[in-house]
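Peer 1: sequence and predicted structure below; questions after.
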Amino acid sequence: MTEIQPATSQATDRDAFLQGIDAALRTSERQRSSFALLKVDVGADDGARASAISAIRANVRLNDTVAVLNEREFAVLLAVGSEGGAQRVAGKIIDSLVAVCSNVTPQDIAIGIAIYPTHGTSRDQLLRAADNAQYQARRNRRGIVVAAKSDDLDAEDGAPAAPKPDLSQRMGSAVEQNEFVLRYQPAADIASGRLLNAEALVRWHHPELGLLPPAEFLYLAERDGTIDMLSLKFIGYALQQMRTWRDGGTNLAVSVNLPASTLQHAELEFSVLGRLHELALAPDSLTIELRDDQLTKLSPEAMKNIFMLANAGVRICIDDFGRGAASLLALRDLPVHEIKIDPGFIKSVASSEADAAIVSALVTLCHSLGRRVIAKGVETQVVRDKLHALGCEGGQGFYFAKPLEGDALPGWRMSTPA
């Protein structure tokens with residue numbers, strides 16, 4: 001990448017970085033070489049941007065480029081063409097960031113990696129691939145995630161397909177035009193298959209790209225600050241769907257996952273309790289799910305609102321239980337009604353003695369505290385049978401059903417053995 005020149009200071013700005021990507025693309029196309037693009041999110045603005053830049057710069061070569069995107073996000077162009085090489089550099093960056101940034105832990109940092117040309121052959125494709133990978137790293141607390149192989153390349157000859165529209169430019173109008181829709185994935189009784197409730201999962205019905213999963217766009221909402229507004233709207237959609245079900249004679253309950261920031265929003269009480277009252281729905285027909293990795297980010301105001309909702313009758317669930325460091329503290333300190341065990345423990349529960357022991361212990365602990373337990377990621381009969389033997393009462397995953405449109409859910413429930 002001989003045409004990429006780092007700034008005279010340790011880091012450059014966004015515009016210069018974009019120009020650097022264009023230069024790298026020209027050089028790599030001419031030389032038939034590869035390079036890596038890293039998106040680094042330190043997870044917290046601790047006022048130590050200069051230290052973070054130094055930590056990143058210390059682990060890259062002189063001809064690599066480091067850019068500041070905002071107070072907590074950075075980007076790196078690496079003259080490294082392999083995924084393994086990029087991952088090794090990313091790992092060193094994490095170690096250095098933790099060492100120099102006092103308020104940052106390894107769990108706070110998310111790095112997304114995209115490789116030219118594997119994950120894209122244009123600037124937009126590579127940036128989108130790195131963005132998506134970074135979102136997955138943040139969502140799954142995996143630290144480093146390499147992008148999936150680009151679906152923007154023609155399957156036969158690798159030629160770039162027509163560029164995808166810039167999703168960030170359309171987010172606002174997508175809300176106004178009701179392009180966001182919900183799908184509902186059942187959580188079922190392990191023993192009987194009876195429907196316990198349905199989790200509302202957002203999708204974007206894009207006019208050009210079709211139905212997009214949340215990994216394609218939620219990171220944009222988190223980045224531009226619209227995630228809270230969207231989350232409150234999704235609650236309204238889910239409650240309206242629940243009212244429609246009940247008007248049709250089907251008594252279904254629904255759960256909605258909320259980020260920590262939304263739980264401290266000034267309009268949360270009206271968006272939840274006000275809408276429940278308007279639609280004549282019982283508070284306990286709604287479950288608010290809190291992701292395990294969000295528990296450490298709960299502000300005092302968010303904690304106050306959680307107790308306010310629970311005292312009003314809304315059910316509280318910890319999602320992906322066991323993934324984060326605050327799981328057990330949450331069972332003790334929060335008004336939790338149920339947990340959803342992280343699918344990482346469920347996938348191999350029938351073949352791994354360690355996973356089976358962990359799941360058994362979690363089930364016993366939660367039952368002793370009066371909490372219902374649902375296992376996420378149930379995909380086979382063998383796993384379902386093992387969970388039943390371990391005393392887990394609920395399951396969610398493709399073994400039971402994929403996410404369904406709202407109109408299809410009552411039919412699924414009626415066709416399920418009681």
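Peer 2: In hand now; what should we look at?

Peer 1: which regions of the stretch 1-150 of the chain sit below the pLDDT cut-off?
Peer 2: The model of the stretch 1-150 of the chain has pLDDT under 70 over residues 1-10, 44-48, 140-141, 149-150.

Peer 1: repeat the analysis, applying 80 as the threshold.
Peer 2: Filtered on pLDDT under 80, the stretch 1-150 of the chain yields the residue ranges 1-11, 43-49, 70-72, 81, 102-105, 107, 138-142, 148-150.

Peer 1: helices of that one, residue ranges please.
Peer 2: With DSSP state H, counting those that start in this stretch applied, the stretch 1-150 of the chain shows helices at 14-31, 49-57, 83-100, 123-140, listed in chain order.

Peer 1: centre of the chain to the second one, how far?
Peer 2: Taking Cα atoms, centre = their mean, to the nearest Å, one finds helix 49-57 lying 26 Å from the centre of the chain it belongs to.

Peer 1: which helices and strands sit right next to that helix?
Peer 2: In terms of contacts (3 or more Cβ pairs under 8 Å, 6 or more residues apart in numbering; DSSP states H and E), helix 49-57 is packed against strand 65-68, strand 73-78, helix 83-100. C-beta coordinates here come from the backbone N, C-alpha and C atoms, glycine included.

Peer 1: okay, it in PDB with CA atoms only?
Peer 2: The C-alpha coordinates for helix 49-57 follow below in PDB (Å, rounded to 0.1, in the frame of the first residue of the first chain):
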ATOM      1  CA  ARG A  49      -8.300   9.900  23.100                       C
ATOM      2  CA  ALA A  50      -4.600  10.700  22.800                       C
ATOM      3  CA  SER A  51      -3.700   7.600  24.800                       C
ATOM      4  CA  ALA A  52      -5.900   5.500  22.700                       C
ATOM      5  CA  ILE A  53      -4.300   6.800  19.500                       C
ATOM      6  CA  SER A  54      -0.900   6.100  20.900                       C
ATOM      7  CA  ALA A  55      -1.900   2.500  21.900                       C
ATOM      8  CA  ILE A  56      -3.200   1.800  18.400                       C
ATOM      9  CA  ARG A  57      -0.300   3.500  16.600                       C
END
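
Peer 1: quick one, that helix and strand 73-78 angle?
Peer 2: Here helix 49-57 runs at an angle of 20 degrees relative to strand 73-78 (axes from the mean of the first three to the mean of the last three Cα atoms, to 10 degrees).

Peer 1: neighbouring contacts of helix 49-57?
Peer 2: Residues external to helix 49-57 that are found in contact with it (Cβ atoms under 8 Å, 6 or more residues apart in numbering): 10-11, 40, 42, 66, 68, 71, 74, 76, 93, 96-97, 99-101.

Peer 1: ok so, going back, got the helices and strands packed on helix 49-57 as JSON lines, with distance to Arg243 and mean neighbour count columns?
Peer 2: Listed next are the helices and strands packed on helix 49-57 as JSON lines, based on distance: least, Cβ to Cβ, whole Å; neighbours: other Cβ atoms under 10 Å:
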{"stretch": "strand 65-68", "distance to Arg243": "47", "mean neighbour count": "24"}
{"stretch": "strand 73-78", "distance to Arg243": "40", "mean neighbour count": "25"}
{"stretch": "helix 83-100", "distance to Arg243": "46", "mean neighbour count": "18"}
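
Peer 1: nearest to Trp204, of those?
Peer 2: Minimum separation from Trp204 across these (Cβ to Cβ) falls at strand 73-78, 22.5 Å.

Peer 1: tell me the strands beside the closest one, with direction?
Peer 2: Partner strands for strand 73-78, per DSSP bridges, with pairing direction: strand 35-41 (antiparallel), strand 65-68 (antiparallel).

Peer 1: in TSV: those, plus distance to Cys366.
Peer 2: Shown next, in TSV, are the strands paired with strand 73-78 (distance: least, Cβ to Cβ, whole Å):
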stretch	distance to Cys366
strand 35-41	32
strand 65-68	44
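
Peer 1: nearest to Asp284, out of these?
Peer 2: Taking Cβ to Cβ as the criterion, Asp284 comes closest to strand 35-41 out of those, the separation being 36.8 Å.

Peer 1: leaving out sequence neighbours, find the closest residue to Asp22.
Peer 2: Residue nearest to Asp22 in three dimensions, not counting chain neighbours: Arg123, with 6.1 Å by Cβ to Cβ, 6 or more residues apart in numbering.
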